[in-house]
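Engineer: what follows is a predicted structure for the sequence shown.
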Amino acid sequence: MNGWRTVTSLVLGGFVFGVASAPALAEDNAVIKGKVLFKGDANKYKRTTLDTSKDENCKKTKEKIGSEEVVINKKTDPMTLRNVLVSVKEGFGDRKFPPNKEEAILDQHGCQYSPHVLAVMEGQSVMIRNSDPTNHNIHFLPKINDELNKTQPKQGMEDKISLKTEAPFKVKCDVHPWMGMHIAVFNHPFFSVTGDEGTYEIKGLPPGKYTVEAWHEKFGTETSSIEVTSGATKEADFTFEPEKK
């Protein structure tokens, strides 16, 4: 990374002041975890190698870029899905939670967005970074947050933003049409995105009954009603079977 650095604060929605947040209680220690399974013909959803030849800097990347829309972990048994957002949708009542103080990173590295699905809290700081020696563009396509269309022409450039609560919305790069990802914003910290093993884990839950949702950008959503007690770990798997829909 070179010495270029510019940090711009773009507050989209911003922080909410004057709202009392419930403190964490000793019994807020339940866990929901599991896998997101894929059931069907994985050959119908093979990852394609994306053509990056129109940008000489992207063309030089050591690893070929594969499509991220559907990534099936075929080495797991049963097969699982990557990039699935699992979150609590209902069950907190009027309880409020303070923003996460840890900064989230949306990186442009190897001419692709990382991560492919980013989940953050409302008011949480999000750093958008260009780690590539080429021009990148970040174009948000939200319904609730303000549209953002920002160019980062030099390696090492950064922009800091925060967002309002919103369901997953698409982010694209107008310079590199193969680049795309999704951002989801929550008013609570109880969410997780599946990785290479297709697993998720949501920690620190208050005891209660919840509606938990698994969201995939192509296959839609699956929901489950889950009850947890203090200190307990509840296992709950979700299954996407696209051929049956």
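Structural biologist: Alright, I've got the coordinates.
Engineer: how about low-confidence regions in this protein?
Structural biologist: Residue ranges of the chain with pLDDT under 70: 1-27, 62, 245.
Engineer: if we go to 90?
Structural biologist: For the chain, the stretches flagged by pLDDT under 90 are 1-28, 46-66, 75, 93-95, 99, 243-245.
Engineer: tell me the contacts of Asn100?
Structural biologist: Asn100 is in contact with 120-121, 124, 189, counting by Cβ atoms under 8 Å, 6 or more residues apart in numbering. In this view, the C-beta of every residue, glycine as well, is placed from N, C-alpha and C.
Engineer: repeat the analysis, applying 7 Å as the threshold.
Structural biologist: Contacts here follow Cβ atoms under 7 Å, 6 or more residues apart in numbering; on that basis Asn100 touches 121, 124, 189.
Engineer: repeat that for Lys150.
Structural biologist: 138, 159.
Engineer: Glu213 and His136, how far apart?
Structural biologist: Per Cβ to Cβ, to the nearest Å, Glu213 is found 31 Å from His136.
Engineer: buried ones in stretch 194-212, by neighbour count?
Structural biologist: 194, 198-200, 202, 205-206, 208, 210, 212 (16 or more other Cβ atoms under 10 Å).
Engineer: what's the closest of those residues to Thr229?
Structural biologist: Using Cβ to Cβ, Gly208 is the member of these that lies nearest Thr229, at 8.9 Å.
Engineer: right, and the closest one touches Gly91 too?
Structural biologist: Yes - the pair Gly208 / Gly91 is scored as a contact, 5.3 Å apart, by Cβ atoms under 7 Å.
Engineer: so which of the contacts of Asn100 sit within strands?
Structural biologist: Met121 (DSSP state E).
Engineer: so which of the contacts of Asn100 comes closest to Glu102?
Structural biologist: Using Cβ to Cβ, the contacts of Asn100 come closest to Glu102 at Gln124, 7.5 Å.
Engineer: count of neighbours near the closest one?
Structural biologist: Counted with other Cβ atoms under 10 Å, the neighbours of Gln124 add up to 20.
Engineer: grab the nearest non-local neighbour of it.
Structural biologist: Asn100 (4.6 Å; Cβ to Cβ, 6 or more residues apart in numbering).
Engineer: which residues of the chain fall in helices?
Structural biologist: Secondary structure of the chain by DSSP state H: the helices cover 56-59.
Engineer: for Lys160, see how far away the closest residue to Glu103 other than its chain neighbours is.
Structural biologist: Closest residue in space to Glu103, ignoring its immediate chain neighbours: Ser125 at 4.6 Å, by Cβ to Cβ, 6+ apart. As judged by Cβ to Cβ, Ser125 and Lys160 stand 6 Å apart.
Engineer: could you do Ala104 as well?
Structural biologist: 10 Å.
Engineer: neighbour-wise, which of these two wins?
Structural biologist: Comparing Ala104 with Lys160 by other Cβ under 10 Å, the one with more neighbours is Ala104, at 19 against 15.
Engineer: what residues are bridge-paired with the more buried one?
Structural biologist: Taking DSSP bridges as the rule, Ala104 bridges to Val126.
Engineer: give me every residue that touches it.
Structural biologist: Contact partners of Ala104, counting by Cβ under 7 Å, 6+ apart, are 118, 120, 124, 126.
Engineer: ok, back up a step: just name the closest of the contacts of Asn100 to Ser53, please.
Structural biologist: Lowest distance from Ser53 to those (Cβ to Cβ) belongs to Gln124, with 36.7 Å.
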